[in-house]
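Q: Could you look at this predicted model? Sequence included:
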Amino acid sequence: MTMTANKQHAWTAVCRYADLTPGRGVAALVDGVQIAVFRTTPGELYATGNRDPYSGAYVISRGVTGSRDGVPTVASPMYKHVFDLRSGTCLDDPTIALPTYPVRRYRGLVWVRR
Amino acid sequence: MDANGVRPQHGASGPGGSSRPDSARRIVVAGYGMVGHRCAELLAERAARSTAPVRITVLGEEPRAAYDRVHLSSLFDGKSPQDLTYPTPPGVEVSLGDPVAAIDRQDRTVTTASGAEYAYDELVLATGSYPFVPPMPGHDATGAFVYRTIEDVEAIKRFAAGRKIGAVVGGGLLGLEAAGALQAMGLETHVVEFAPRLMGVQVDEGGGQALLSRIAALGVTVHTSTRTEAVETGEDGSVYALVLAKGDDLSALPVDMVVFAAGVRARDQLGRDAGLAVGERGGIRVDEFCRTEDPAIYAIGECAQAVDGRVYGLVAPGYAMAETVADHLLGADPKPFRSADVSTKLKLLGVEVASFGDAFGATPGALSALYSDSTAGLYKKLVIGEDGRLLGGILVGDASAYATLRPLAGTDSPLPATPEQLLLPASLGAAPALGPDALPDSATVCSCHNVTKGTITSAIHEQGCADVGAIKACTKAGTGCGSCVPLLGRLLTSAGVQTSKALCAHFEQTRAELYEIVLVRGITTFAQLLTEHGRGGDGCEVCKPAVASILASLGGTLGAGQHILDGEQAALQDTNDHFLANLQRNGSYSVVPRIPGGEITPQKLIAIGEVARDFGLYTKITGGQRIDLFGARVEQLPQIWRRLVDAGFESGHAYGKALRTVKSCVGSEWCRYGVQESVKMAIELELRYRGLRAPHKVKAAVSGCARECAEAQSKDFGVIATERGWNLYVGGNGGFRPRHADLLATDLSERELLRTIDRFLMFYIRTADRLERTATWIERMEGGLDHLRAVVMEDSLGLCEELDRLMGQHVAGYTDEWRAAIEDPETLRRFVSFVNAPGVPDPEIKFEYERGQIKPLLEIGPRPDEGPARDDDSDNERVPVEVGA
């Protein structure tokens, strides 16, 4: 389902919140950009770029989420680099970061803005 | 001799000879046994650091490269000569099968048996010893052997086939080794010893008694105080009987073969012929730098008589002498060799025997403390000085205290506990095992390489050695006989090196402890385990898949979600398990259907081909005798599997830390050499263990005969057919650190085989660390293979009933993960590239063509500085991937 709610803000609804498995992510294609959307175990939403900067493959959404010292994380499934879901920064190498995107839950849907 | 003093050299010196500068210093080592090899190795190390050119030549008598003679009897235990062989030290010229026959001290040349001549600046004699065969009638008959070389062992093996009774003359260390070999070949075995007790050099009367009762209990008949008068031969000239004399009584013992192991004599003839002084009872006399009378000639090992007048027959003193000579020739500060520790710890016929320090209480005023249990075949004696310090001891039947007691003996340290506490078995309320703190820094921990506790602790503190492997690499300690390895571990702990056993920041338990918690408390979810036994947080990429694996291993037992993608479990799985396929470097996946035992019908082969063709997949045969289909996008996986399931395939679990394949050779149905049906067995094993989740992947193989075409000895478990059943090997590995599997059990029936593998696997799953292959697991296990054997074959932990039950539940509860997945709409919903565009394939997955098939178009591959891609079927998953800045 692709619905554009407000052109001015360009929020895009990508799926139902209930469709997300707690602790996992999905990939969404928004205006040709691949965005990884995560629902953490406690229920928070995060959105980052789907491209793993270390391998160049579009796989971040398939990583295992978790926490490290209270920081919500995702580990790339390719070489297991761990990223801070809030800032996108790689915790193993702060010079590398994923892009991040605004994400919200509204009327049962998950919305991201590119 | 030419102007440079170099004689023309004959063929044996090899083609490298002429290219070297004539000015190079020439060091010749005569003899290529363990000590000759060690000497060449040490010389080569020093020569590599030296600026002056050095040419090192070794001239050996045996037709093969140097090997580990100490473990000769392991050749009866499944090892091959290859396993025992040492690598040639780099830069050393080695000539085999052509011993030095004469030394010309005037010209400084040696001549070999074939007539080749070698000039030397320095000559090191390491000719070792020869077995002493009492000059009795018939001693050289057909069927009479000695026990010294691999060739001896092979001759014994060939001759023993089909014979019934064997005797060993000599009840010392070597004699009991030989007796163990005869028994291992299934012969009725006798040991004839002239002295009143066995192993008279190492143990006293009481120790000999304990040893005798243990060995007798194993079915070996021991004749002590008995002289062998003659070997009777039959009409064909082969061994027929031994004539034995006990006191005045003569008797005949019928035998098919006899092995003489009545001691060794120094091979000092070269020295004698060259006019060098030799000791009264043999051995070329040397000074404390191992120089003979001729300063250009050294002698080391069993052919030398040290300054203390002794000829040492153990390998450790030989190594120490090699070190002295290497330093004297090419190093700095050679350490004089004056005497050596002759402490030994051995396992003969499965009985532990250790003797150390002043074992016989020869020190004036020495007292002994004794614990002896003749029914159990236990004997432990500590020799204590007047001042209460430990001087030495003898341990028979249980030598576990050896590692801590031996380094204490002869030092100034007081006894760390009362003698009774040190001697009593743990079950009688003895003190806990001694800590390494009791040792002074000067105590020798590794006697093979003469490494002190001080050296090891400084390696830990100053060079940052954080595990046993690092200590081995840094100090060589533990790389000889290995008996000090447990002590190395304890030194690490005592030095405060915290090798944290916590699984990750969320669980302070080890994987094995979590397994126990899940099993005992019947926990069925990660959330429950984290809440009740974790340290807070949400879990992570380490603990989630690890716990998912434990839950899956116990799925059949706990009655939790039977499928690894049921409910919460789906969120825990790594991407491979999450999509039931193997992630490849461009984000696509590979698909591997199970092909049990590698057997496949033409129809099924065609079905795989059609699927690969229709989906345009890259197709490759794997090392595990199945077919890997690469390049599938997530949304294609269910479509591919629908086709495969319809064609009768099921998941191959190539994506899981689980049983992968059971490879097989074609076996006795077709092969002219096969002795059992290996394909049938491989299929049975693969179907039995398919889907079994483990701490790491498990690979297996079945070979139909000893030719081993299935390479079973490189697998986690490997089965090799014998005439009488199946031999089971465990703990093999390929990959980053290859390891030959250990022989766990022999000649098992099919039922015994299944039961033993069941228990082996379940014990592995229960106790291994996360991502720990069976090879590392066994090496890490306290007590090693013996402990493992005791657990799975003798039920020493009382676990077997449970292990059997757990495996039974796994086998009964197995279902095909892919069939279940394609039948469940909830699961299928996840197999899309984009949640908001289910029909759109991932545009970033692109291919080009090479050799008629697709390959990833890697505009998106890792940059050159981003480290190598990782092959999911490789064995190297624990090797950290280095990432450039």
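A: In hand now; what should we look at?
Q: tell me which residues of the helix or strand that B:Val791 is a member of are tucked away?
A: If you go by DSSP states H and E, B:Val791 is part of helix B:784-793. For helix B:784-793, the neighbour count (16 or more other Cβ atoms under 10 Å in any protein chain shown) marks B:Gly784, B:Leu788, B:Arg789, B:Val791, B:Val792, B:Met793 as buried. Yep, even glycine has a C-beta here, placed from its N, CA and C like the rest.
Q: Please list the outside residues in contact with that helix.
A: With contact meaning Cβ atoms under 8 Å, 6 or more residues apart in numbering or on different chains, helix B:784-793 is reached by B:730-731, B:742, B:744-745, B:756, B:759-760, B:763, B:778, B:781, B:783, B:796-797, B:799-800, B:803.
Q: Which residue, other than its chain neighbours, is closest to B:Val100?
A: B:Ala30 (4.2 Å; Cβ to Cβ, 6 or more residues apart in numbering or on different chains).
Q: What count of nearby residues applies to B:Ile854?
A: Using other Cβ atoms under 10 Å in any protein chain shown, B:Ile854 has 17 neighbouring residues.
Q: Can you list the low-confidence ranges for the chain?
A: The chain I'm using is chain A. A:1-10 (pLDDT under 70).
Q: nope, chain B please
A: B:1-22, B:420-421, B:424-436, B:438, B:479-483, B:486, B:498-500, B:559-562, B:736, B:859-885.
Q: Just list the residues touching the residue nearest to B:Val100, thanks.
A: Contacts of B:Ala30 by Cβ under 8 Å, 6+ apart are B:Gly36, B:Leu59, B:Pro99, B:Val100, B:Val110, B:Leu123, B:Val124, B:Leu125, B:Ala126, B:Thr127, B:Leu270.
Q: at 7 Å what do you get?
A: B:Leu59, B:Val100, B:Val110, B:Leu123, B:Val124, B:Leu125, B:Ala126, B:Thr127, B:Leu270 (Cβ atoms under 7 Å, 6 or more residues apart in numbering or on different chains).
Q: Let me have the residues you listed in CSV, extended by neighbour count and secondary structure.
A: Below are those laid out as CSV (neighbours: other Cβ atoms under 10 Å in any protein chain shown; DSSP: H, G, I helix; E, B strand; the rest coil):
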residue, neighbour count, secondary structure
B:Leu59, 28, strand
B:Val100, 23, strand
B:Val110, 26, strand
B:Leu123, 27, strand
B:Val124, 29, strand
B:Leu125, 30, strand
B:Ala126, 30, coil
B:Thr127, 31, coil
B:Leu270, 23, helix
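Q: now, which of these sits nearest chain A?
A: Of all these, chain A sits closest to B:Ala126, with 50.2 Å by Cβ to the nearest Cβ.
Q: Now do the contacts for that closest one.
A: Here B:Ala126 is in contact with B:Val29, B:Ala30, B:Gly31, B:Gly33, B:Val35, B:Gly36, B:Cys39, B:Ile300, B:Gly301, B:Cys303 (Cβ under 7 Å, 6+ apart).
Q: From B:Leu314, how far out is it?
A: 14 Å (Cβ to Cβ, to the nearest Å).
Q: tell me which element the nearest residue to B:Glu288 once chain neighbours are set aside falls in.
A: Leaving aside its sequence neighbours, B:Glu288 sits nearest to B:Pro336 (Cβ to Cβ, 6+ apart; 3.8 Å). Take DSSP H and E as the rule and B:Pro336 turns out to sit in neither a helix nor a strand.
Q: number of nearby residues for B:Pro336?
A: 11.
Q: now swap in B:Arg69 and tell me
A: As a burial measure, B:Arg69 scores 15 neighbours (other Cβ under 10 Å).
Q: B:Arg770 against B:Pro695, yeah?
A: Yes. Using Cβ atoms under 7 Å, B:Arg770 is in contact with B:Pro695, at 5.8 Å.
Q: from the stretch 601-750 of chain B, which residue is nearest to chain A?
A: For the stretch 601-750 of chain B, Cβ to the nearest Cβ, closest residue to chain A: B:Val634, 8.3 Å.
Q: Check the gap between the residue nearest to that residue when sequence neighbours are not counted and B:Trp818 for me.
A: Among residues not flanking B:Val634 along the chain, B:Phe831 sits closest, at 5.2 Å (Cβ to Cβ, 6+ apart). Noted for B:Phe831: a distance of 11 Å to B:Trp818, by Cβ to Cβ.
Q: near chain B, which residues of chain A show up?
A: Residues of chain A that fall close to chain B, judged by Cβ under 7 Å from any Cβ of the partner chain: A:1-2, A:14-15, A:21-24, A:26-29, A:40-42, A:54-59, A:62, A:64, A:66-68, A:73, A:75, A:77, A:79-80, A:82, A:93, A:95.
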